[in-house]
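> Return atomic coordinates for the entry below.
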Amino acid sequence: MHSRLAQILAEKCKEVDRLKKGGVPRNRDNDVPSIRDFKGAISRSDRINLIAEIKFASPSAGIIREKSNPITIGQIYEDAGAAAISLLTDKTFFRGDSDHLPRLKESISLPILRKDFIIDEIQVRESFLLGADAVLLIVRLLSQQQLKELLGICHDHGMEALIEVHDRQDLNVAIRCGAEIIGINNRDLDTLEVNIETTLELAALVPDGHIVVSESGVKNRGDLQLLKQAGIHAVLVGTVLMKSGDIGKKAREFILAGAI
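Sure thing, here's the model as predicted:
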């Protein structure tokens, strides 16, 4: 595990402690719209569906886009035709904010994936209360028992989980735990290097009936064509979109390329 990831996990443990001490509201705010169908939105069979990400920074890329209104960006993504939105909520390393989630949910009609480092059930409950329709669960950060329990808690709340894998061992664990949506991250967690071949290799091992998402390093039409040939259902794209001078135009380019 890369040292930066270890730092992130240490910070997440502190956040979990603060959540447990401070508590979360007992009930979902009545003003927050009901759960939306994340799985259905990203599994249309006539295209590679775009999960467009709102991300202002990352440990590997530094500042990706100067802080701007995430609500506006989400609306731009929706107008462009994205299938779903991924919202990075980590403050310390990605310049996100979980407080943006309910406001974004009220401003768009697309399902929203809360992308963060979820290691405890209280974070899943918090995600539900904030209005998330799905959360990211990273196999490498959890024991098999933890993954199974957190996946079950997601389903108990009516949410989906994008189960992120990085190699064959991760994939086997995800499948044993009952994952339905498999996210193949092309970024190596030890080196932070990105190689889209990771998706092509692992996708061939995913049993029929699962939804497969390619994450990280998807940059252009050529990448999308390779992924489409491999039977990938969706791509999660953040950095390329957020760095663009015209986010909407860039998103439409991905959507068009994914439909060809």
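> so where is the stretch 151-260 of the chain shaky, pLDDT-wise?
Across the stretch 151-260 of the chain, the ranges flagged by pLDDT under 70 are 260.
> swap the cut-off to 80 and go again
For the stretch 151-260 of the chain, applying pLDDT under 80 flags the ranges 258-260.
> Which pLDDT value goes with the residue nearest the centre of the chain?
Computing the C-alpha centroid of the chain and ranking residues by Cα atoms, centre = their mean puts Lys115 first, at 4.6 Å. If you check Lys115, the pLDDT there is 97.
> quick one: it and Asn172, what's the gap?
23 Å (Cβ to Cβ, to the nearest Å). Where you see a C-beta, it was placed from the backbone N, CA and C, and this is true even at glycine.
> same question, Val237
From Val237 over to Asn172 the distance is 27 Å, taken as Cβ to Cβ.
> The two - which one has more neighbours?
Counted by other Cβ atoms under 10 Å, Val237 and Asn172 do not tie: Val237 has more neighbours, with 26 against 14.
> Setting the sequence-adjacent residues aside, check what's closest to the more buried one.
Among residues not flanking Val237 along the chain, Val218 sits closest, at 5.4 Å (Cβ to Cβ, 6 or more residues apart in numbering).
> ok, now which ones touch the one you found?
186, 196, 224, 227, 235-237, 240 (Cβ atoms under 8 Å, 6 or more residues apart in numbering).
> what about the helices in this structure?
Secondary structure of the chain (DSSP state H): helices at 3-22, 38-41, 70-80, 100-107, 121-130, 144-156, 168-176, 197-203, 221-229, 239-243, 247-259.
> and of those, who's closest to Ile54?
Nearest of the helices of the chain to Ile54, taken as Cβ to Cβ: helix 70-80 at 4.8 Å.
> re earlier: what pairs with the residue nearest to the centre of the chain across the strands?
Beta bridges link Lys115 to Leu88, judged by DSSP bridges.
> That one and Ala83, how far apart?
Taken as Cβ to Cβ, the span from Lys115 to Ala83 is 15 Å.
> do Val24 as well
Using Cβ to Cβ, Val24 is found at 29 Å from Ala83.
> Look at the two and report which has more neighbours.
Set Val24 next to Ala83 and count neighbours by other Cβ under 10 Å: Ala83 wins out with 25 against 14.
> how much space between that one and Phe38?
9 Å.
> Now do the shared contacts for these two.
The contact sets of Ala83 and Phe38 do not overlap (Cβ under 8 Å, 6+ apart).
> Turn the contacts of Val218 into TSV, columns for distance to Ser107.
Shown next, in TSV, are the contacts of Val218 (distance: Cβ to Cβ, whole Å):
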residue	distance to Ser107
Asn186	30
Ile196	32
Leu224	28
Leu227	30
Val235	23
Leu236	20
Val237	21
Val240	23
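> of the residues you listed, closest to Gly62?
Closest to Gly62 out of the contacts of Val218 is Val240 (15.1 Å), distances taken as Cβ to Cβ.
> Start and end of stretch 86-105, how far apart?
Its start and end residues considered, stretch 86-105 measures 11 Å (Cα to Cα, to the nearest Å).
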